[in-house]
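*Asks:* sharing a model that was predicted from the sequence below.
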Amino acid sequence: MRFLILCLLIYFGYRVLKGWLGVKHLGGKAERDEHLTSVDDVMVKDPYCGIYFPKRKAIEKVIDGEMYYFCSTECRDKYLEEKKKS
């Protein structure tokens, strides 16, 4: 019976200490799930091929004062060629 009471006291002491220090210090769930709640990157659409991809991986080009985001240099070049024809 003493062992059970000792275990309960240790458990409650751990829970109080965990709450007092904060979850991050003891490697709790909030630290692991924090990256899931933050936005990693914005998705943009390639104007030529139409696929969506992360903006941080985009090839940027200003055309007629407007910023365009391309998934590759090939799509950028094909878009520019198509724009020249029209």
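*Replies:* All right, it came through fine.
*Asks:* continuing past the helix or strand bottoming out on mean pLDDT in the chain, what's the next helix or strand?
*Replies:* The least trusted helix or strand in the chain, going by mean pLDDT, DSSP states H and E, turns out to be helix 29-37, with a mean of 55. Using DSSP states H and E, the helix or strand that follows helix 29-37 in sequence is strand 43-45.
*Asks:* the helix or strand just after that next one pairs with which strands, and in what direction?
*Replies:* The helix or strand immediately downstream of strand 43-45 is strand 52-54, counting by DSSP H and E. Partners of strand 52-54 in the sheet, by DSSP bridges, are strand 43-45 (antiparallel).
*Asks:* tell me which residues of the partner strand are tucked away?
*Replies:* For strand 43-45, a neighbour-count test (16 or more other Cβ atoms under 10 Å) marks V44 as buried. Bear in mind the C-beta positions are built from the backbone N, C-alpha and C, glycine included.
*Asks:* let's number from 506 now, not from 1
*Replies:* Yep, numbering from 506; the last one is strand 548-550 now.
*Asks:* show me this protein divided up by domain.
*Replies:* Structurally, the chain divides into domains by automatic domain parsing as follows: 507-542, 548-590.
*Asks:* just name the most buried of the ones you listed.
*Replies:* Of all these, domain 548-590 has the most neighbours on average by mean count of other Cβ atoms under 10 Å, namely a mean of 14.
*Asks:* ok, E565 - contacts?
*Replies:* By Cβ atoms under 8 Å, 6 or more residues apart in numbering, the contact list for E565 reads 572-575.
*Asks:* pull the longest helix anywhere in the chain out as CSV, backbone CA atoms only.
*Replies:* If you go by DSSP state H, the chain has its longest helix at helix 507-526. Extracted C-alpha coordinates of helix 507-526, given in CSV (Å, rounded to 0.1, in the frame of the first residue of the first chain):
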residue,chain,number,x,y,z
ARG,A,507,2.9,2.4,0.8
PHE,A,508,4.4,1.6,-2.6
LEU,A,509,1.1,2.5,-4.4
ILE,A,510,0.9,5.8,-2.5
LEU,A,511,4.6,6.6,-3.3
CYS,A,512,4.0,5.9,-7.0
LEU,A,513,0.9,8.2,-7.0
LEU,A,514,2.9,11.0,-5.2
ILE,A,515,5.7,10.6,-7.7
TYR,A,516,3.3,10.7,-10.6
PHE,A,517,1.5,13.8,-9.3
GLY,A,518,4.8,15.5,-8.6
TYR,A,519,5.9,14.8,-12.1
ARG,A,520,2.7,16.3,-13.5
VAL,A,521,3.0,19.4,-11.3
LEU,A,522,6.7,19.8,-12.3
LYS,A,523,5.8,19.3,-16.0
GLY,A,524,3.1,22.0,-15.8
TRP,A,525,5.4,24.4,-13.9
LEU,A,526,8.4,24.1,-16.2
